[in-house]
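S.K.: Could you work out the structure for the sequence below:
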Amino acid sequence: MRTPLTLARTLVTLGALAGLALAALVAALSVGSVGVDGRDVLDALRGRGASEATAVVRDLRLPRALAAFGVGGLLALAGALMQLLLRNPLADPYVLGISGGAAVGALGALLAGASAVAGPAAFAGALLSTFIVFALARSDAERSPWAPTRLLLTGVVVAAGWGAAIALLLALAPAAQVKGMVYWLLGDLSGTSSPAAALATLGIVLACALSLARDLNALARGGDEAASLGVEVPRTAIALYALSALATAAAVTTAGSIGFVGLVVPHAVRLALGNDQRLLLPAAAFVGGTLLLVADTAARTVVAPLELPVGVLTALIGVPAFLWLLNRGR
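M.R.: Got it, this is the predicted structure:
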């Protein structure tokens, strides 16, 4: 039997997750080719000190660590919303082509030599993919014009189309650009200069999703039951998809395509904490951010001075973790 959601339980759970995130942040700022002790980390966070260690923390590691947390939180939050929208625990931000559209936009800008607009191009690609999927998946039903099965099938086909477009762009790209484009597709936080966009988008998406928490809890029981409780199912579905598209576009724009975070984290949090969206959504954001922060720290330190694509690390973590969760759920 699930423990009823209370304010005390919510605060304790989120406080514990925030503590884990803070510990991961401190580790990310301390570990690397240049060793940094706790005092230098504290000085860098306060904006004090002019040593090499504080400069490394303040100018290099802190922006990257905060961006990793923001991207991980966005992917986990988008995954939780997509799984609720499709009522399928195997859904994630990439299954409906949102990430593929963003990747095509960014790679197209890079191929055209307009790297300065790669971010806006990725966002435009994600929105275009959203529009295409919703336009093609619409049915004539009044109560639920976007049925989960129809959305899922349409999204899979659109995602396959974006995959073909990505392959075409890589085939047309000059040899000197292909390596960088492939590396970006695998997930790369090394070029992140500012985490502001990712963190701001995370806050906006989370706030908007929590404002719909009552409707989302009803929607989790099924479209017909939600409609009988007064939920405007079509409007709520559009809101969920728009928030998922915004979160995924911001994540892909910041760090490229990073898999498994949006799939594994919401599933794990749901098994551990239940399906109440008031707790599930912020908890997924914290866990996703912490997971990607740990993975990025490992990616830049495990084989230093070489750096691994963080998407490879999340896949290596996510595959066995998801198989274990499936076995545990069974």
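
S.K.: which stretches of the stretch 201-330 of the chain have low pLDDT?
M.R.: Flagging of the stretch 201-330 of the chain using pLDDT under 70 yields the residue ranges 328-330.

S.K.: can you give me the helices for it?
M.R.: For the stretch 201-330 of the chain, helices defined by DSSP state H, counting those that start in this stretch occupy the ranges 213-219, 223-228, 233-255, 261-273, 277-301, 310-329.

S.K.: So for Leu152, which of the ones you listed sits nearest?
M.R.: Nearest to Leu152 among the helices of the stretch 201-330 of the chain is helix 233-255 (12.0 Å), distances taken as Cβ to Cβ. For every residue, glycine as well, the C-beta is placed using N, CA and C.

S.K.: angle of the closest one against helix 310-329?
M.R.: Counting by axes from the mean of the first three to the mean of the last three Cα atoms, to 10 degrees, helix 233-255 points 140 degrees away from the direction of helix 310-329.

S.K.: got the buried residues for helix 233-255?
M.R.: Residues of helix 233-255 classed as buried under the neighbour-count rule (16 or more other Cβ atoms under 10 Å) are 233-234, 236-255.

S.K.: helices or strands next to it in the packing?
M.R.: When contacts are defined as 3 or more Cβ pairs under 8 Å, 6 or more residues apart in numbering; DSSP states H and E, helix 233-255 sits against helix 62-86, helix 98-111, helix 118-137, helix 196-211, helix 213-219, helix 223-228.

S.K.: can you redo the helices of the stretch 201-330 of the chain as JSON lines with distance to Gly105?
M.R.: Listed next are the helices of the stretch 201-330 of the chain as JSON lines, based on distance: least, Cβ to Cβ, whole Å:
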{"stretch": "helix 213-219", "distance to Gly105": "29"}
{"stretch": "helix 223-228", "distance to Gly105": "32"}
{"stretch": "helix 233-255", "distance to Gly105": "9"}
{"stretch": "helix 261-273", "distance to Gly105": "19"}
{"stretch": "helix 277-301", "distance to Gly105": "22"}
{"stretch": "helix 310-329", "distance to Gly105": "18"}
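
S.K.: burial count for Leu172?
M.R.: Here the number of neighbours of Leu172 (other Cβ atoms under 10 Å) works out to 10.

S.K.: Show the pLDDT at it.
M.R.: Leu172 is assigned a pLDDT of 88 by the prediction.

S.K.: ok, now which ones touch the residue lying closest to it once chain neighbours are set aside?
M.R.: If the residues on either side of it in the chain are set aside, Leu172 comes closest to Leu111, at 6.9 Å by Cβ to Cβ, 6 or more residues apart in numbering. When contacts are counted by Cβ atoms under 8 Å, 6 or more residues apart in numbering, Leu111 touches 169, 172-173, 177, 181.

S.K.: do that again at 7 Å, thanks
M.R.: Taking Cβ atoms under 7 Å, 6 or more residues apart in numbering, we find Leu111 in contact with 169, 172-173, 177.

S.K.: Let me know how buried the residue lying closest to Met82 once chain neighbours are set aside is, in neighbour terms.
M.R.: The shortest distance from Met82 to any residue other than its chain neighbours is 4.4 Å, reached at Ala91 (Cβ to Cβ, 6+ apart). By the other Cβ under 10 Å criterion, the neighbourhood of Ala91 contains 27 residues.
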